[in-house]
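**Student:** Show me how the following folds:
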Amino acid sequence: MASILDRLATKDGGTEKSAAWYRETVRKLGNRITANRMMRDGVLTNRPNIGVLNLFYYDPKYKKTLPYYDLFPLVLPVDTLPGGFAGLNFHYLPPLMRFRFLEDLERFKNKRTIDSKTILNVNWSRVKNLPEVKPMIKKYLYTQVRSRFLKVDLTQAAYAIYLPVQRFQKASDNTVYRQSRGMI
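**Tutor:** Modelled structure (predicted):
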């Protein structure tokens with residue numbers, strides 16, 4: 001079964017579109033987009049997919065001490081850690097900033113065109129000095145991952161960053177975005 005993202009990419013025809021076009025296309029889907037539906041319909045893997053975005057359910061080990069956290073992060077892995085990995089959670093940026101940051105990361109792609117085999121050759125040393133990274137970088141422990149990983153190819157990434165599937169706990173989306181802007 002094709003996922004929501006696959007159907008959007010097919011409608012798009014693979015052409016480059018503006019941030020407003022992606023945002024409006026995702027908005028038209030309305031409340032048909034849920035985290036559970038995406039996980040049910042997508043391609044799942046046991047480990048995070050390197051070079052592309054990943055969606056998964058996560059229950060932070062230290063959630064009692066965190067000011068807020070995301071239960072359904074959209075992460076680009078950038079480093080391996082003992083028992084887990086570090087990644088950039090796009091949900092910590094407001095949607096338009098996500099889009100612009102994703103465009104900026106395209107300079108690291110492994111080929112000129114974007115197709116299902118295109119990846120971003122990123123690691124911590126390549127992104128650590130980018131200002132947007134500060135609020136986005138998070139550590140994830142495998143023992144706290146509560147699902148398999150939904151692979152989001154770069155052909156689908158521009159849609160995925162606009163999907164309203166973030167699940168912040170202990171703070172509203174707007175509070176998280178305000179705090180993130182303050183860190184940049």
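
**Student:** Which residue, other than its chain neighbours, is closest to the most centrally placed residue in the chain?
**Tutor:** Geometric centre of the chain, nearest residue: Leu74, 2.7 Å, by Cα atoms, centre = their mean. Of all residues not flanking Leu74 in the chain, Phe90 sits nearest, at 4.6 Å (Cβ to Cβ, 6 or more residues apart in numbering). (Glycine included, C-beta is placed from N, CA and C.)

**Student:** Hmm, Leu53 and the one you found touching each other?
**Tutor:** Yes - using Cβ atoms under 8 Å, Phe90 is in contact with Leu53, at 6.9 Å.

**Student:** got any residues that touch both of the two?
**Tutor:** 74-76, 161 (Cβ atoms under 8 Å, 6 or more residues apart in numbering).

**Student:** okay, these in CSV with distance to Met97, pLDDT and secondary structure next?
**Tutor:** What follows is the shared contacts of Phe90 and Leu53, written out as CSV (distance: Cβ to Cβ, whole Å; pLDDT from 0 to 100; DSSP: H, G, I helix; E, B strand; the rest coil):
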residue, distance to Met97, pLDDT, secondary structure
Leu74, 13, 97, strand
Val75, 16, 98, strand
Leu76, 14, 98, strand
Ile161, 9, 90, coil
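
**Student:** Now distance to Tyr142 too, for the residues you listed, in JSON lines please.
**Tutor:** Compiled in JSON lines, the shared contacts of Phe90 and Leu53 are given as follows (distance: Cβ to Cβ, whole Å):
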{"residue": "Leu74", "distance to Tyr142": "18"}
{"residue": "Val75", "distance to Tyr142": "13"}
{"residue": "Leu76", "distance to Tyr142": "17"}
{"residue": "Ile161", "distance to Tyr142": "24"}
